[in-house]
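K.L.:
here are the coordinates; sequence isn't available:
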């Protein structure tokens, strides 16, 4: 008879190594997962709080807003209002996983299955991540960013640097190239570019250069709109074209922009990423139990942990705060598995392409090629809509009533699938704002267009953001709603 | 599995967030100082635990472009439908379903407030912010007796242990370049050239070439021998010189009247003042001696525990305390190397025969000390307020008044009660005070 991985709730290193081996066998042979190397770090709760405050990264530059976040998290934790996450995982190579020392043995195994295998596989294989981020460069880049910003603080003062960061942070969601594929982060290139910038500066103040005879270039006077096409990446535009920023400020903007870009895939794949990791842990834990590696007690503890995270409160509950991405993603993956192995007539009608396929191949294909919006649009099934009892509610700002447009019946499925998928489009929660004109020849007024989507207005705080842009641009800024 | 590494980070220092925390506190500073002032009135300074701070959210906003969630036309998918059919209408109420969740309710207080707790250390830092012992530097300029060795350039002779390698080698390189000493690489190249020519040299022309090359090699080697790689004239030694350092040694005498005429309240006030002083000194100054003296009709030096805790009573003879302080100064704290401070609390109810003696001693002490704080504790019930202010003053107060016209290092004040301790303390030790004088 197989010896279970652990019996009480205490964990030790020997147990962790064994758990890694056993999970690894299932992950590799049955789930066919392909992961980066893993680095498990055992941390205290205090260190976990530290990591929270710096957006989960092992190293980050200093800014008051992280201090604020830390103060709030610690307050909530100490008053017992909120527990800490059991795990934190970083999209890096090697993939860094934090395990809290307070976790029970069962939780540790769950975290390893969830993060070290599930998330890790997702980071390495999903095309959005592959395209937009460079897992092996991020830690080096953050070290560089921390040092650069620290040096700036020494030279130009904490206040000045803080103000620039404030302004840049407020545009973080608008510092991303949504369509253009960014170049990969590379510390070496970053340094080279900096040296170029320094050399340029040196040239522009070197007296020798000043003695060169003036070369007169005739500038063709022509009314031209600048930028030629609307620019959605506000931070990029300001970094390159602001007439007032100093060299170091441009660098700071660049750092914020690069980091925003790194996080961009995570916003687009939250449902899938969490869903896939949960799917993996659920599968692995069940298989461990089948093999006699988990005791019944451990299995009960796992189910309790699992269901406390993976559930969807109904809209009318006071616990409701939107769709739970863990639950939605998990259920869709489970549903794909169900359709592949045991389809109903309805499934055959809706998903003919999945029938008869091996579920693991389908899941891998989904992990690689989709993001939340397309994932939901193509894989949310009528079965699941009924299970979740989804319905569609319309709000017309001019009417006193909400209106029920569709419910979980035959006429409503298509509508619900499309509308739910739309909710995961980035435009649904980040207002679309573009720079359309900078009037460089005359007033230098910067004109922004807000593409008004379904007559939704911007929250009142946007005035402050405009002020921040003014600081970075140095001249008037106007926002138009179109 | 070789694909896994486990690292135990628990021993790593936590507190990575300290710089962030400090920046955050700096940002909310103006709210802090106001709330600290209020808190100081109510709380005991030596009380453990932090202080809760409330900051309006507007001041620490992190703005960004966002939708106003109550506006616009949208349709949204919600889970958990039980009763609705297509075409049903739901009245809009205040609690709108699915309007973005409860993002705002992360904090315990009302939505426009941000609450957090500062630690006891952070609290004390704020309490003592901007305070200092006055005139710390005057004395040191007057009598700088301590010197410190400091680096000061280079010299051409000295002990081998003080050779400055980098400087010496720089000189050596300069000399070698100036005298055209061939480098090792150049010599090696030449040697290779000679060797290769030796192998192939058959015809005369090549032999001639070989000859030249050999001569050149010899010349190079000769030059190498005559111009040494490093020469005694290259060597530089580190130079040291003694510099006077400003003397910041200081001693604070705490003189407390514990006579019978001091009631419980007065004693409490007086202890509170000294406790504050004690905390201030040990936090802000590393090298300050503190001498505790309590007196009734006799004076006694004691340790801090006895000073703050033991109970005693008896008559009041202030001069005994002053005499003891004067003796201790003479014995242990020579004037040329110590900055001396004295703080005294009493109810001023001295034995009248002693007043002239106090006067003499004060004259001596005020010449020796940097700063003398005299606090008269008068907790008067409300109804006596007017009577008090109409000018019943005791002899000691008058003496202080007279001295203050002569000596500007005397600070005397009245303390009404516990509430008044912190403001009085800040007034006495504020950095601004000196400038206004």
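P.N.:
Yes, it's here. Only a predicted model underlies this, so the values are computations on that prediction, with no experimental measurement involved.
K.L.:
Quick check: nearest residue in space to the most centrally placed residue in chain B, chain neighbours excluded?
P.N.:
For chain B, residue B:284 is the residue whose C-alpha lies nearest the centre (CA atoms, centre = their mean; 6.0 Å). The shortest distance from residue B:284 to any non-neighbouring residue, by CB to CB, 6 or more residues apart in numbering or on different chains, is to residue B:128 (5.9 Å). To be clear about C-beta, it is placed using only N, CA and C from the backbone, and glycine gets the same treatment.
K.L.:
Report the contact partners of the residue nearest to the centre of chain B.
P.N.:
B:128, B:131, B:132 (CB atoms under 8 Å, 6 or more residues apart in numbering or on different chains).
K.L.:
what about stretch A:423-436, how long is it end to end?
P.N.:
End-to-end span of stretch A:423-436 (CA to CA, to the nearest Å): 26 Å.
K.L.:
repeat for stretch B:152-159
P.N.:
16 Å.
K.L.:
what about the residue nearest to residue B:284, how many neighbours?
P.N.:
Residue B:128 has 18 neighbours, counted by other CB atoms under 10 Å in any protein chain shown.
K.L.:
buried stuff in stretch A:390-409?
P.N.:
For stretch A:390-409, the neighbour count (16 or more other CB atoms under 10 Å in any protein chain shown) marks A:390-395, A:402-408 as buried.
K.L.:
what does the stretch 251-400 of chain B have sitting close to chain A?
P.N.:
Remark: no part of the stretch 251-400 of chain B is in contact with chain A, using CB under 8 Å from any CB of the partner chain.
K.L.:
Check the gap between the residue of chain B found nearest chain A and residue A:424 for me.
P.N.:
For chain B, the residue closest to chain A is residue B:80, as judged by CB to the nearest CB, at 2.3 Å. For residue B:80, the distance to residue A:424 equals 19 Å [CB to CB, to the nearest Å].
K.L.:
before we move on, the earlier item: please name the residues that touch the residue nearest to residue B:284.
P.N.:
By CB under 8 Å, 6+ apart, residue B:128 lies in contact with B:279, B:280, B:283, B:284.
K.L.:
Can you flag the buried ones in these?
P.N.:
Using 16+ other CB under 10 Å, the buried ones in those are B:280, B:284.
K.L.:
If we only consider the contacts of residue B:128, which is nearest to residue A:112?
P.N.:
Within the contacts of residue B:128, proximity to residue A:112 (CB to CB) peaks at residue B:283, which comes in at 46.3 Å.
K.L.:
Show me which residues of the helix or strand that contains the closest one are buried.
P.N.:
In the assignment (DSSP states H and E), residue B:283 maps to helix B:264-284. Of all the residues in helix B:264-284, those buried under the rule 16+ other CB under 10 Å are B:266-278, B:280-281, B:284.
K.L.:
quick one, domains of the chain?
P.N.:
Reading this off chain A. Listed domain ranges for chain A are A:13-126+A:269-304, A:311-428 (source: automatic domain parsing).
K.L.:
Please refer instead to chain B.
P.N.:
Using automatic domain parsing, chain B is parsed into the domains B:15-62+B:108-127, B:155-240, B:250-436.
K.L.:
For residue A:383, see how far away residue B:326 is.
P.N.:
The gap separating residue B:326 from residue A:383 is 95 Å, by CB to CB.
K.L.:
likewise residue B:23?
P.N.:
Following CB to CB, the distance that separates residue B:23 from residue A:383 is 52 Å.
K.L.:
Show me the helices in the stretch 1-150 of chain A, by range?
P.N.:
Assigned by DSSP state H, counting those that start in this stretch, the stretch 1-150 of chain A shows helices spanning A:13-29, A:45-53, A:64-78, A:105-111, A:120-125, A:127-132, A:138-156.
K.L.:
Kindly reformat these as JSON lines containing distance to residue B:156, mean neighbour count and mean pLDDT.
P.N.:
Listed next are the helices of the stretch 1-150 of chain A as JSON lines, based on distance: least, CB to CB, whole Å; neighbours: other CB atoms under 10 Å in any protein chain shown; pLDDT from 0 to 100:
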{"stretch": "helix A:13-29", "distance to residue B:156": "62", "mean neighbour count": "18", "mean pLDDT": "92"}
{"stretch": "helix A:45-53", "distance to residue B:156": "54", "mean neighbour count": "21", "mean pLDDT": "83"}
{"stretch": "helix A:64-78", "distance to residue B:156": "54", "mean neighbour count": "20", "mean pLDDT": "84"}
{"stretch": "helix A:105-111", "distance to residue B:156": "67", "mean neighbour count": "24", "mean pLDDT": "92"}
{"stretch": "helix A:120-125", "distance to residue B:156": "64", "mean neighbour count": "23", "mean pLDDT": "94"}
{"stretch": "helix A:127-132", "distance to residue B:156": "63", "mean neighbour count": "17", "mean pLDDT": "88"}
{"stretch": "helix A:138-156", "distance to residue B:156": "37", "mean neighbour count": "17", "mean pLDDT": "91"}
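K.L.:
Are we agreed that residue A:441 is in a strand?
P.N.:
No. Remark: residue A:441 does not belong to a strand; assigned using DSSP: H, G, I helix; E, B strand; the rest coil, it is coil.
K.L.:
Who are the contact partners of residue A:251?
P.N.:
Per CB under 8 Å, 6+ apart, neighbours of residue A:251: A:148, A:152, A:194, A:197.
K.L.:
Nearest to residue B:254 among those residues?
P.N.:
residue A:152 (46.5 Å).
K.L.:
my guess is the closest one meets residue A:161, correct?
P.N.:
Yes. Judged on CB atoms under 8 Å, residue A:152 makes contact with residue A:161 at a distance of 4.9 Å.
K.L.:
anything in contact with each of these two?
P.N.:
In contact with both residue A:152 and residue A:161: residue A:252, using CB under 8 Å, 6+ apart.
K.L.:
what's the helix or strand for the closest residue to chain B within chain A?
P.N.:
For chain A and chain B, the shortest gap (CB to the nearest CB) falls at residue A:314, measuring 2.3 Å. Using DSSP H and E, residue A:314 maps to neither a helix nor a strand.
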